[in-house]
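Student: just a sequence and a predicted model for now, questions to come.
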Amino acid sequence: MLDLKFLRENPDVVKQNIKNKFQDAKLPLVDEVIELDAKRRKTQQEADELRASRKKNSKQIGALMGQGKKEEAEEMKKLVTANAERLAELEALETELSEKVTSIMMRIPNIIDPSVPIGKDDSENVEIQKYGDPAVPDFEIPYHTDIMERLEGIDLDSARKVAGNGFYYLMGDIARLHSAVIAYARDFMIDRGFTYCVPPFMIRSNVVTGVMSFAEMDAMMYKIEGEDLYLIGTSEHSMIGKFIDTVIQEDALPKTLTSYSPCFRKEKGAHGIEERGVYRIHQFEKQEMIVVCKPEESPMWFDKLWQNTVDLFRSLDIPVRTLECCSGDLADLKVKSIDVEAWSPRQKKYFEVGSCSNLGDAQARRLKIRVVGEGGKYFAHTLNNTVVAPPRMLIAFLENNLNEDGSVNIPEVLRPYMGGKSLIAPR
């Protein structure tokens, strides 16, 4: 959420930012919120004047009564009563206007970083760099669920009967590989100085609206019926929520956390749920990283976060590339974002396996995450990034480590988590 004072003083900047994000339908919101805010401030001013006069009039009534001027005191009491009624009206109006202003402000997108390329959608994202040499073997690579089925590692039919499309049973060595990747990612991040955390897997609505836009919330979140609780779509939500309504000492920053959680997503929208695959599903597990830091340090942490993901995938000998997300592909709270994509030898192209985002002070402003230092209080910056998210990551892993006979090589770094196995082979 933007600073209202900044919007008031820079309406043209905010409007141009909306245009850069190709959200022209939101342009009228800027003038609307300025008008509402002016009414709110005028209402607040009148209310403050009445509060001040109430205090003054109360003293005068006491003085008049002490002087025996009862009639004058009674007239003053009538004025106080009338002012009290007007004050009640103003306070109700002030609350109503404040709520309207906040509601609109939460729909206006954050100001994107000047370095972000301008583009309408993800087709205009810009490749930054490739890591590793993408290769295509001289034998045909089956679809990823076919690889898993040959290794007796997945059961989609049973999952469909139990829960519907978008769910799966992982079995045997594939299930173990899934857990091994998560455990390896956890230790990888701990070795880089992050504190490990297992967060709540449900969060309240005020946390949901604090960490994401309404459009994202509607497309992603599952609501718990009869409760003010939502299943998390990513542990970033509850990890950032951990700091809600807190004041952090500046010398205690940065806060660097890595978290494990299951994730639950509706996956509403154009992509939809796959019937056969595990690329886009309702339930998966993920290792995440988040940072809460000083504003001037967030660009540095942004680069560190996406580099962590690149390094992890390269340690598994999986070729990856980084993409700069264009303006139209950024969610409303994001200042800047980089996707990490892994190489698919079967498709002969890269596909997304992680996303790193700098949200500036947008989440901190909504959740009231403040920092106190020598210069006073200010809002922190928050960042998040995917360490690894199997089973999607398993697609890249299986395709890049598959042998012609259907067996799958286990990289050395994963073997301690796989009981020393160096190979998974069909029975």
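Tutor: Looks like it came in fine. Residues are numbered from 1 along each chain as shown.

Student: rest of the way, CA atoms for contacts and neighbours
Tutor: Fine.

Student: contacting residues around the spatially closest residue to residue 346 that is not a sequence neighbour?
Tutor: For residue 346, ignoring the flanking residues on the chain, the nearest one in space by C-alpha to C-alpha, 6 or more residues apart in numbering is residue 141 at 5.4 Å. By C-alpha atoms under 8 Å, 6 or more residues apart in numbering, residue 141 lies in contact with 345, 346, 399, 402.

Student: can you report how many residues lie near the third one?
Tutor: If I follow you right, that is residue 399. 23 (other C-alpha atoms under 10 Å).

Student: residue 104 versus the residue nearest to residue 346, what's the distance?
Tutor: Noted for residue 141: a distance of 50 Å to residue 104, by C-alpha to C-alpha, to the nearest Å.

Student: just the contacts of residue 141 now: which is nearest residue 278?
Tutor: Here the nearest of these to residue 278, counting by C-alpha to C-alpha, is residue 399; it sits at 13.7 Å.

Student: which residues sit against stretch 5-23?
Tutor: Applying C-alpha under 8 Å, 6+ apart, the contact partners of stretch 5-23 are 24, 26-27, 30-31, 34, 108-109, 111-112, 118-120, 327-330.

Student: tell me where this protein is predicted with low confidence.
Tutor: For the chain, the stretches with pLDDT under 70 are 55, 57-66, 68-71, 73-74, 76-77, 80, 268-275.

Student: which elements pack onto the longest helix belonging to it?
Tutor: Secondary structure of the chain per DSSP state H: the longest helix is helix 27-66. Applying 3 or more C-alpha pairs under 8 Å, 6 or more residues apart in numbering; DSSP states H and E, we find helix 27-66 packed against helix 11-20, helix 70-105.

Student: just the helices in the stretch 201-350 of the chain please.
Tutor: Along the stretch 201-350 of the chain, the stretches classed as helices by DSSP state H, counting those that start in this stretch are 205-211, 214-220, 235-241, 298-315.

Student: need those helices in CSV with mean neighbour count and distance to residue 176, can you?
Tutor: Shown next, in CSV, are these (neighbours: other C-alpha atoms under 10 Å; distance: least, C-alpha to C-alpha, whole Å):
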stretch, mean neighbour count, distance to residue 176
helix 205-211, 20, 32
helix 214-220, 15, 28
helix 235-241, 25, 22
helix 298-315, 18, 18
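
Student: circling back to that earlier point, could I get the helices and strands packed on helix 27-66 as TSV with mean neighbour count?
Tutor: Output for those, formatted as TSV (neighbours: other C-alpha atoms under 10 Å):
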stretch	mean neighbour count
helix 11-20	18
helix 70-105	15
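
Student: hang on, the earlier thing: between the helices of the stretch 201-350 of the chain, which one is nearest to residue 135?
Tutor: Closest of those to residue 135 is helix 298-315, at 14.0 Å (criterion: C-alpha to C-alpha).

Student: just the CA atoms of the closest one, as CSV, please.
Tutor: This file holds the C-alpha atoms of helix 298-315, laid out as CSV (Å, rounded to 0.1, in the frame of the first residue of the first chain):
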residue,chain,number,x,y,z
SER,A,298,16.5,-4.4,0.3
PRO,A,299,18.2,-4.2,-3.2
MET,A,300,21.2,-6.0,-1.9
TRP,A,301,19.0,-8.7,-0.2
PHE,A,302,17.0,-9.1,-3.4
ASP,A,303,20.1,-10.1,-5.4
LYS,A,304,21.2,-12.4,-2.6
LEU,A,305,17.8,-14.2,-2.5
TRP,A,306,17.5,-15.1,-6.1
GLN,A,307,21.1,-16.1,-6.2
ASN,A,308,20.4,-18.6,-3.5
THR,A,309,17.9,-20.4,-5.7
VAL,A,310,20.2,-20.4,-8.7
ASP,A,311,23.0,-21.8,-6.5
LEU,A,312,20.8,-24.6,-5.1
PHE,A,313,19.7,-25.8,-8.5
ARG,A,314,23.2,-25.6,-9.9
SER,A,315,24.4,-27.7,-7.0
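
Student: what's next to that helix, contact-wise?
Tutor: Applying C-alpha under 8 Å, 6+ apart, the set of residues contacting helix 298-315 from outside is 131-132, 185, 188-189, 289, 291, 319-321, 338, 340, 354-358, 360, 381-388, 413.

Student: of these, grab the buried ones for PyMOL.
Tutor: The PyMOL command for the buried members of the contacts of helix 298-315 (criterion: 16 or more other C-alpha atoms under 10 Å) is given here:
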select buried, resi 131+185+188+189+289+291+319+320+321+338+340+354+355+356+357+358+360+381+382+383+384+385+386+387+388
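
Student: in strands, which of the contacts of helix 298-315 appear?
Tutor: Among these, the members found in strands (DSSP state E) are 131, 289, 291, 320-321, 338, 340, 354-358, 381-388.

Student: to residue 180, which of the helices and strands packed on helix 27-66 lies closest?
Tutor: For the helices and strands packed on helix 27-66, distance to residue 180 was read as C-alpha to C-alpha. The smallest value, 42.2 Å, belongs to helix 11-20.

Student: spatially nearest residue to residue 267 (excluding sequence neighbours)?
Tutor: What sits nearest to residue 267 in space, not counting adjacent residues and going by C-alpha to C-alpha, 6+ apart, is residue 220, at 5.8 Å.

Student: OK, contacts around the one you found?
Tutor: With C-alpha under 8 Å, 6+ apart, residue 220 has these contacts: 233, 264, 265, 266, 267, 268.

Student: again, but for residue 24
Tutor: Residues in contact with residue 24 (C-alpha under 8 Å, 6+ apart) are residue 18.

Student: before we move on, what about residue 181?
Tutor: By C-alpha under 8 Å, 6+ apart, residue 181 lies in contact with 388, 390, 414.

Student: okay, the residues you listed in a markdown table with distance to residue 4 next?
Tutor: What follows is the contacts of residue 181, written out as a markdown table (distance: C-alpha to C-alpha, whole Å):
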| residue | distance to residue 4 |
| --- | --- |
| 388 | 36 |
| 390 | 40 |
| 414 | 49 |
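
Student: which one among those gets closest to residue 164?
Tutor: Minimum distance to residue 164 across the contacts of residue 181 is 19.5 Å, recorded for residue 390 (C-alpha to C-alpha).

Student: what helix or strand is that closest one located in?
Tutor: Using DSSP states H and E, residue 390 falls within no helix or strand.

Student: so it is in contact with residue 281, correct?
Tutor: No: using C-alpha atoms under 8 Å, residue 390 makes no contact with residue 281, being 11.0 Å away.

Student: and the gap between the residue nearest to residue 325 when sequence neighbours are not counted and residue 337?
Tutor: Spatial nearest neighbour of residue 325, excluding adjacent residues (C-alpha to C-alpha, 6+ apart): residue 125 at 4.8 Å. According to C-alpha to C-alpha, residue 125 stands 10 Å off from residue 337.
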